[in-house]
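*Asks:* I'd like to go over a predicted model; first the sequence, then the structure.
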Amino acid sequence: MTHPSHSNRHSAVDRGAHNLQQFSKRLVLGFGVLATGGMLHSPPTRAQSLPWMNPALAPEQRATLLVGAMTLPQKEQQLVGNAPEIVPELPQCLGARHVRGIASLAIPTLRITNGPVGIGQNDCVDPSVVGFAAFSDPSSAKATALPSAIALAASFDPAVATEFGNVIGTEANNLALHVFEAPGVNMARIPVLGRNFEYFGEDPFLTGTTAVAEIKAVQSRGIIAMAKHFAANEQETNRMTIQETVDDRVLHELYLLPFEMAVKDAGTASVMCSYNSVNGLQACEQKHLLTDVLRNQWGFEGYVQSDFFAVKSTAASMLAGLDHLMPFPMMIVPPFTPVWSPAELNAALAAGQLQVSDLDRALLRRYTQMFKMGIFERQPLVQTPIDFAGGGVKARAIGVQSGVLLQNDNHVLPFDANSVRSVVVIGKATQVYAQQAVAGGVLVGKPMGAGGGSSDVVPSYTVSPVDGLKDVLNALGNTAATVSLITVKDDNSDLAAAKAAAASADAVIVMAGTIAEEGADRASYVDSTGLSLTAFGDSLDWYVAKPNSISTATANTAANSNTVAMIAGILGATSATGKPMAAKTALVLKDNAGVAMDPTLLGASGPAILEVWFPGQEDGHIVADLLFGVSSPSGKLPVTFPMVGHGFLDWVKTDPSVYPG
């Protein structure tokens, strides 16, 4: 008999020891104990030392394990956002929209972006920015500036809303973001509401249907969607102090229906409570809404976040159903009372107003959603390049499906791209519509994203009206046509030049509309209280220098652009091309929402009228595609367009007490 060599005997021993060691490791992983004596073993895995990091467990189990391991100070820190600071994992970003993580517990920094018309102010501005500018500085990380939400609704197509959500979800991941504060599902009940462009119109079912498609798309990419602003937050004027009194049936059938659809049909992971009071209680401490309706009636399993600086109490708001306070523990309204700070929470605990279990419940709700979305697995935070060209293609496709042809009595549209030799674009010198791409509160001479509202998206590029028209004509094979821009002063003193250019042009394109922004409605008041109206901004003529600030008789005073008179003057010119002016003129509207139309613009004597809302960064291409027949305007109106002298606003003007109210 031969014996194995010495080396072979060692090899067998080594193999046996290796097998035993692997068996020991499996025992450790399976049972959390070392089942063999005297053996060296690997350090505990992350799932052993931090059991909530075991992805095999259900999200609810993981959240329970995590909260059970936290100290009271850690819980208090996690209930609120942080004051502007460098994002710990992203030193290139100064952020004002995050909850700082806890590395020892593997809790990532939860990063939030505003919306709802793209990745807006998103927790990443230049580190040199100081103070409250961190919330809205135009150095914010760039993203695709999509058409406005009301444009999306005008498509009447859930597939378009899905694509809208896909872009948002993808770019949120590119920028290492976790929460998208949108969609906005408030109603366009007031035609001059400054945030109508962020919402889906005046019909609750259309609003809910559009929101459901968007939420599903956003959350399919692991991003928490947040339906807002809950509830009855239908005006900007005095939004932080106004009391809204709404009958319960009306509340459910109109104002709450889109939220109910977002909860039941889309499974929205979060809801944002609003600034205003509803039926006697501030919205973030309205237990009937936040608990009885949202959770008990609808079965909402997500968490409730406050609008920024909306919370006015500590114990009352948490007990009502608020789970997360943003942006940090302080009311913005004087006297700047602290709420949900460690001191306030500890005082409420000591007084028996709150129990630790109340804090735990709030955290469990949010952590459960974070685990469901895979946010704990997306560590460390890494930003990746956005496909800006691809985003632009999708923004353009969304925009062309949102255009609404309001009038075409003389068969002006589409213009014949093969026959036109001269195209003139006309607009007001003080207005942005004919000069720059339009989104939100963009103003003449200011880049997109500098308006100051929640929806301001900073794009990597924009397409102006003239450039878009040139691009589309060239793509259609017409490289000889000229496209020129003429602007007219407010007083129309230089209108003659525009009339002459229009008379000799083959195609006349007038651009007008209504700019609006978060923070103010399109209305003017006697003073800053917002309780005594002097004028509505319901026409194409009304405008202010700062659309995000209240307009009074002495501050941010409204001006008259005399746009309607300009259009009438152009239509009254003598055409030099053989076609009557009304047969070769198109009015392109870029609007916050519906606008009161002057009767002189309507009918066969008026121009063709095309509504494109706020088209976003691809403005010029979207409008040109619709004007020259690359795409047909297939959108429908999600809001009512009143006629001057015949609408609700004219009645309200006779009784100013109706608004606000």
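*Replies:* Cool, got the structure. Only a predicted model underlies this, so the values are computations on that prediction, with no experimental measurement involved.
*Asks:* and residue 280, how many neighbours?
*Replies:* By other C-beta atoms under 10 Å, 10 other residues sit near residue 280. Heads up, the C-betas are built off the backbone N, CA and C, glycines and all.
*Asks:* cool, the one 4 residues further on as well?
*Replies:* For residue 284, the number of neighbouring residues by other C-beta under 10 Å comes to 29.
*Asks:* quick one, what contacts it?
*Replies:* Neighbour list for residue 284: 273-274, 290, 304, 306-307, 310-312, 317, 320, 322 [criterion: C-beta atoms under 8 Å, 6 or more residues apart in numbering].
*Asks:* residue ranges with poor pLDDT in the protein?
*Replies:* Residues of the chain that meet the criterion pLDDT under 70 lie in 1-45, 47, 331-335, 646-661.
*Asks:* go through the contacts of residue 284 and flag which are in helices.
*Replies:* Counted as lying in helices by DSSP state H, out of these, are 317, 320.
*Asks:* of the contacts of residue 284 - the most surrounded one?
*Replies:* Busiest of the contacts of residue 284 [other C-beta under 10 Å] is residue 273, holding 30 neighbours.
*Asks:* show me what that residue is bridged to.
*Replies:* For residue 273, the beta-bridge partners are residue 230, residue 306 (DSSP bridges).
*Asks:* thinking again about what came up before, just the contacts of residue 284 now: which is nearest residue 192?
*Replies:* Distance to residue 192 across the contacts of residue 284 (C-beta to C-beta) is lowest for residue 274, with 18.8 Å.
*Asks:* for residue 620, see how far away the closest one is.
*Replies:* In this view, residue 274 and residue 620 are 35 Å apart by C-beta to C-beta, to the nearest Å.
*Asks:* same deal with residue 423?
*Replies:* 12 Å.
*Asks:* what sits in contact with each of the two?
*Replies:* The contact sets of residue 423 and residue 620 overlap at residue 469 (C-beta under 8 Å, 6+ apart).
*Asks:* the stretch 151-300 of the chain: helices as residue ranges?
*Replies:* Secondary structure of the stretch 151-300 of the chain, counting by DSSP state H, counting those that start in this stretch: helices at 158-174, 204-219, 248-250, 257-264, 287.
*Asks:* quick one, phi psi at residue 485?
*Replies:* Residue 485 adopts backbone torsions of phi -120, psi 130, taken as degrees, to the nearest 10.
*Asks:* show me the beta-bridge partners of it.
*Replies:* Counting by DSSP bridges, the residues bridging with residue 485 are residue 425.
*Asks:* for it, grab the count of nearby residues.
*Replies:* A count of nearby residues for residue 485, using other C-beta under 10 Å, gives 18.
*Asks:* how close does it get to residue 156?
*Replies:* Distance of residue 485 to residue 156, computed by C-beta to C-beta: 33 Å.
*Asks:* hang on, residue 501 in a helix?
*Replies:* Yes - Residue 501 forms part of a helix when assessed by DSSP: H, G, I helix; E, B strand; the rest coil.
*Asks:* which residues does the residue lying closest to it once chain neighbours are set aside contact?
*Replies:* Excluding the flanking residues, the one nearest residue 501 by C-beta to C-beta, 6 or more residues apart in numbering is residue 424, at 4.7 Å. Applying C-beta under 8 Å, 6+ apart, we find residue 424 in contact with 483-486, 498, 501-502, 505, 507-509.
*Asks:* cool, and residue 232?
*Replies:* With C-beta under 8 Å, 6+ apart, residue 232 has these contacts: 186, 244, 246, 251, 255, 274, 276, 278, 283.
*Asks:* what's the burial count for the fourth one?
*Replies:* The number of residues packed around residue 251, counting by other C-beta under 10 Å, is 20.
*Asks:* what about the nearest residue to residue 256 once chain neighbours are set aside, neighbour count?
*Replies:* Nearest non-adjacent residue to residue 256, counting by C-beta to C-beta, 6+ apart: residue 231, 5.9 Å away. Residue crowding around residue 231 was assessed by other C-beta under 10 Å; the count is 27.
*Asks:* contacts only, for the residue nearest to residue 525 when sequence neighbours are not counted.
*Replies:* Take residue 525 and drop its neighbours on the chain: the residue closest to it by C-beta to C-beta, 6+ apart is residue 552, 5.1 Å away. Shown in contact with residue 552 (C-beta under 8 Å, 6+ apart): 524-528.
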